[in-house]
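In: Need a 3D model of the sequence below.
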Amino acid sequence: MKKISYIIFIFSLIFHSIPLCHAKMDQQTLAAERLAKWNINYASYLIDVGKYLDALDAYNTAFEVTPFKQTKLKVLLYKANLLATFLDAEGQAIGIYNKIIKDYPEGEEIALYRKGLLLFDMNRYKEAACVLSSYLKKYPHGKFRFQAEVLFDRAKKASIPPPIKPELEKKAPNVRVLLQRKAKVIKIQGKDLKINGRITNRETITFYRESVGTNVYTIESPYPIRVIAGKYSKRVRGKVIVKAKKSRLMVINILDIEHYLWGVVPAESYPSWPLETLKAQAVASRTYAYYQVIHRKNWEYDLVDDEGDQAYKGVDRETKKTTRAVNETRGLVLMKKNRPILAMYTANSGGYTADASYIFNLNKTYLVAHPDPLSLKGKMSSWKKSFTLYEIESRLKKIGLPVNGLKNIIPKKRGPSGRIVTIEIVSKSLNKEYRTRTTLGRALRLPEILFSIDKIGNKIIFQGKGWGHGVGYSQWGSAEMGKRGYNFKQILEFYYPTTKLMKLW
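Out: Numbers count the residues shown, from 1 in each chain. As a prediction, this is how the structure comes out:
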């Protein structure tokens, strides 16, 4: 059974099975619920662009701020799906299902079934059969009884497969990169263009939403192809797919993953950086892209072309040095338990990498906190921002926090790196603890949550270090390591401990 084949089914079921209307709310309660729902919706967008950790953070925030048990249940179900499907954290997902079974009677049926399905997907057939049997006994006329009966029968007959071995690709896989999804007009330029296999003499082809209809167009050329949508212009290798998506046009670039990296590494690094640093970036970017390819097989695309995933600038950004870094690390992927890792990277760790378990509640042995002093030598290592209490209050209100008469902001929970995971907002209208990134960080657009807070008069000063989420590989730290003679393997070992480098193609 494919995990992803059940996602849409389960999500739609959640929406229809859990009522969203609540009793009459006071203003503060209503604001809290609106903030929770905003984060739920935003998490869906973040998953769409591959930002799984940020989606997890949004779900964590929604769970913490909502005053309603029904909304909490919905968030837990969404979060479990995210953990199991996109974050290789099946154990944590099962923990959530166990929590629902224990604490949320109204969600027990769906959690029990989902737990059995997940155990089946994990090849833990004996446990799956036990859970599915419990489901059938407790819910003989349940919503999932037919699926549960089929899975139960299969689980009883299934044999445990041999240990998973990493897939060795015969050749480099292709990636599907989303270039556009909201364009009304798309122009394609290039030499010797073919449309759906037919040669055309035109060097510019224009597609309009009205004329595309239900058709899907594949444009190919032995030369790079330029895609133009308004001010957007990008020259890419491989082939280009144009099709309609609702009222707009979608453009997807399909190309060899190594050729894709030719346009990523110079966009994510400076070509002037040491070659070993560029090699480390190439491996991190390859691992990240391959991870998305594996986890999004049933999607229309694997990656977006901006920093939502990783920046992909196409042919015009390529350089000889960055292409060399990609070529000399061809096929090398960071692995953990024979799976590609979620190779997160940040601009600058601020001297101490972040622990994903503290920041995002995601347990990964290779995304942990440890000192990174060389990052402090690089750019974007420190920053300072100052706001009046009124400015902060106004911006917090814009994101849905009902703050009136802001008095102070107090650090509450810190991670091992010193990052402020939660803050307390002190005001006349409320004194409440919130997750820092999704509230204060979002409202004030703070570069990081590794900062100090000083209140001077009616101003609050944030003195911070680092730029980004701080998890995993630090790009400026890697640059400094390269300058000091570290090779790319040493750099990767430092930022992704407990992982193994393997050549998959």
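
In: So what's the residue count around residue 252?
Out: A count of neighbours around residue 252, defined by other CB atoms under 10 Å, yields 22. C-beta coordinates here come from the backbone N, C-alpha and C atoms, glycine included.

In: ok, and the closest non-adjacent residue to it?
Out: Counting by CB to CB, 6 or more residues apart in numbering, residue 252 lies nearest to residue 241, which is 4.4 Å off, once chain neighbours are set aside.

In: and the one you found, what is it in contact with?
Out: Counting by CB atoms under 8 Å, 6 or more residues apart in numbering, residue 241 touches 216-219, 250-254.

In: Could you identify the buried members of those?
Out: Burial by neighbour count, 16 or more other CB atoms under 10 Å: within those this picks out 217, 219, 250-254.

In: re earlier: which pair of the contacts of residue 241 spans the longest distance?
Out: For the contacts of residue 241, the farthest-apart pair by CB to CB is 216 and 253; their separation is 14.4 Å.

In: Look at the residue lying farthest from the centre of the chain and report its pLDDT.
Out: Taking CA atoms, centre = their mean, the residue of the chain most remote from its mean C-alpha position is residue 201, at 41.4 Å. On the pLDDT scale, residue 201 is placed at 89.

In: ok, back up a step: the residue nearest to residue 252 belongs to a strand?
Out: Yes - assignment of residue 241 by DSSP: H, G, I helix; E, B strand; the rest coil places it within a strand.

In: related to what we said a few turns ago, looking at the contacts of residue 241, which are in strands?
Out: Counting by DSSP state E, the part of these found in strands is 216-219, 250-254.

In: Go through those residues and name the one nearest residue 439.
Out: Of those, the one sitting nearest to residue 439 (CB to CB) turns out to be residue 250, at 33.3 Å.

In: burial measure for the closest residue to that closest one other than its chain neighbours, as a count.
Out: Nearest residue to residue 250 in three dimensions, chain neighbours excluded: residue 181, at 4.7 Å (CB to CB, 6+ apart). Per other CB under 10 Å, the neighbour tally for residue 181 reads 17.

In: Could you do the one 5 residues further on as well?
Out: Using other CB under 10 Å, residue 186 has 26 other residues around it.

In: That one: which element?
Out: For residue 186, the host element (DSSP states H and E) is strand 185-189.

In: what lines up beside that strand in the sheet?
Out: strand 204-208 (antiparallel), strand 225-229 (antiparallel) (DSSP bridges).

In: outside of the next helix or strand after it, which residues touch it?
Out: Next helix or strand after strand 185-189 toward the C-terminus (DSSP H and E): strand 194-195. Strand 194-195 is contacted from outside by 200, 205, 217-221, using CB under 8 Å, 6+ apart.

In: Include distance to residue 174 when you put the strands paired with strand 185-189 into CSV, please.
Out: CSV is the format used below for those (distance: least, CB to CB, whole Å):
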stretch, distance to residue 174
strand 204-208, 22
strand 225-229, 15
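
In: how about those, which one is nearest residue 54?
Out: Between the strands paired with strand 185-189, strand 225-229 lies closest to residue 54; by CB to CB that is 25.7 Å.

In: the inter-axis angle of that closest one versus strand 216-220?
Out: Orientation check (axes from the mean of the first three to the mean of the last three CA atoms, to 10 degrees): strand 225-229 against strand 216-220 gives 140 degrees.

In: For residue 28, see how far away residue 401 is.
Out: Here the criterion is CB to CB, to the nearest Å. By it, residue 401 lies 10 Å from residue 28.

In: hmm, back to that, quick check, the residue nearest to residue 250 in a helix?
Out: No - under three-state DSSP, residue 181 sits outside any helix and is assigned strand.

In: That one: what's it in contact with?
Out: 245, 248-251.

In: Check it and give its pLDDT.
Out: So residue 181 comes in at 93 (pLDDT).

In: what do you get for the one 4 residues further on?
Out: According to the model's per-residue confidence, residue 185 sits at a pLDDT of 96.

In: My guess is residue 151 contacts residue 118. True?
Out: No - the criterion here is CB atoms under 8 Å, and residue 151 misses it with residue 118 at 10.8 Å.

In: what does the helix or strand that contains residue 156 rub up against?
Out: Using DSSP H and E, residue 156 maps to helix 145-157. With contact meaning CB under 8 Å, 6+ apart, helix 145-157 is reached by 1, 113, 116-117, 120, 125-126, 128-129, 132-133, 135-136, 139, 142.

In: what two of the residues you listed have the greatest distance between them?
Out: Spatially, the most separated pair among the contacts of helix 145-157 is 126 and 142, at 21.9 Å (CB to CB).

In: Those two: which is more packed in?
Out: More neighbours surround residue 142 than the other of residue 126 and residue 142, with 16 against 12 (other CB under 10 Å).

In: Leaving out chain neighbours, which residue sits closest to the more buried one?
Out: residue 109 (5.5 Å).

In: And this structure, split by domain according to the record?
Out: For the chain, the domain assignment from automatic domain parsing gives the residue ranges 4-157, 174-327.

In: downstream neighbour of the worst-scoring helix or strand of the chain on mean pLDDT in the secondary structure list?
Out: Scoring the helices and strands of the chain by mean pLDDT, DSSP states H and E places helix 7-17 at the bottom, with a mean of 44. Downstream of helix 7-17, the next assigned helix or strand under DSSP H and E is helix 27-48.

In: Would you check how far apart residue 273 and residue 479 are?
Out: Distance of residue 273 to residue 479, computed by CB to CB: 5 Å.

In: what does residue 332 give?
Out: Relative to residue 479, residue 332 is positioned 20 Å away (CB to CB).

In: if you count what's nearby, which of the two comes out ahead?
Out: Neighbour totals were compared for residue 332 and residue 479, and residue 479 leads with 25 against 20 (other CB under 10 Å).

In: Spit out the contact partners of the residue sitting nearest the centre point of the chain.
Out: Central residue of the chain (CA atoms, centre = their mean): residue 51, 2.0 Å from the mean position. By CB under 8 Å, 6+ apart, the contact set of residue 51 is 308-309.
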